[in-house]
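In: have a look at this fold, sequence not included:
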C-alpha cells in the first residue's frame with residue numbers, strides 16, 4: 001500500500017538554536033513490517049536531486065539518502081553509528097550517538113523524535129534533535145515506492 005503523505009522534518013542543533021524545518025510531499029508505505037517514508041529533497045534543504053527514505057521500525061530509524069548527496073544514518077537507543085556522508089563537495093565521516101528515540105507510527109503515519117550527539121569529521125556538534133511527522137492522505141497512490 002503506497003499512500004501520499006505530507007512529511008514534516010524539524011532539526012535543531014544545541015539548546016537555543018532556531019530549528020530548521022521542511023514540510024514536503026512524499027509517499028508512505030509498509031514493507032516487511034517496516035514503515036517507509038520517501039520524499040525528494042529541494043533547494044531549500046540544499047540537497048536538490050537527492051531522494052530521502054526514512055525506514056522506521058518500532059525502536060529504530062534509518063535515514064537513507066541517495067542522489068547528489070548520499071548517506072545512511074541509523075538511530076537506536078544508545079547506538080553509536082559511523083557513516084559516510086557523500087556530497088558534491090566531498091565526503092565527511094559522521095558519527096552519531098543516539099541518546100533518546102521515540103517512535104509512534106502506524107499505517108496512518110505518526111511521529112518520530114530522536115535526540116543525538118554528532119561528530120562530523122572530528123568536530124563535535126551540539127546535541128541535535130530531529131522531529132519527524134508523517135500525515136497520510138486517505139487516497140492511495142499507484143506506482144513505484
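Out: Sure thing, it's come through. On a predicted model such as this, the values are computed, not experimentally measured, just so you know.
In: where does residue 55 sit relative to residue 122, distance-wise?
Out: Distance of residue 55 to residue 122, computed by Cβ to Cβ, to the nearest Å: 28 Å. Quick note: C-beta positions are derived from backbone N, CA and C, even for glycine.
In: and the helix or strand encompassing residue 10, what does it pack against?
Out: Following DSSP states H and E, one finds residue 10 within strand 2-13. Contact here means 3 or more Cβ pairs under 8 Å, 6 or more residues apart in numbering; DSSP states H and E; on that basis strand 2-13 packs against strand 20-31, strand 34-40, strand 123-140.
In: can we see that at 6 Å?
Out: strand 20-31, strand 123-140 (3 or more Cβ pairs under 6 Å, 6 or more residues apart in numbering; DSSP states H and E).
In: which of residue 55 and residue 122 has more residues huddled nearby?
Out: Ranked by neighbour count (other Cβ atoms under 10 Å), residue 55 and residue 122 place residue 55 first, with 17 against 8.
In: coming back round to it: how much does the strand holding residue 10 deviate in direction from strand 20-31?
Out: Strand 2-13 runs at 140 degrees relative to strand 20-31, counting by axes from the mean of the first three to the mean of the last three Cα atoms, to 10 degrees.
In: next, the buried residues of strand 2-13.
Out: 2, 3, 5, 6, 7, 9, 11, 12 (16 or more other Cβ atoms under 10 Å).
In: show me what the strand or helix carrying residue 116 pairs with in its sheet, parallel or antiparallel.
Out: Using DSSP H and E, residue 116 sits within strand 109-120. Strand pairing for strand 109-120, determined by DSSP bridges: strand 90-106 (antiparallel), strand 123-140 (antiparallel).
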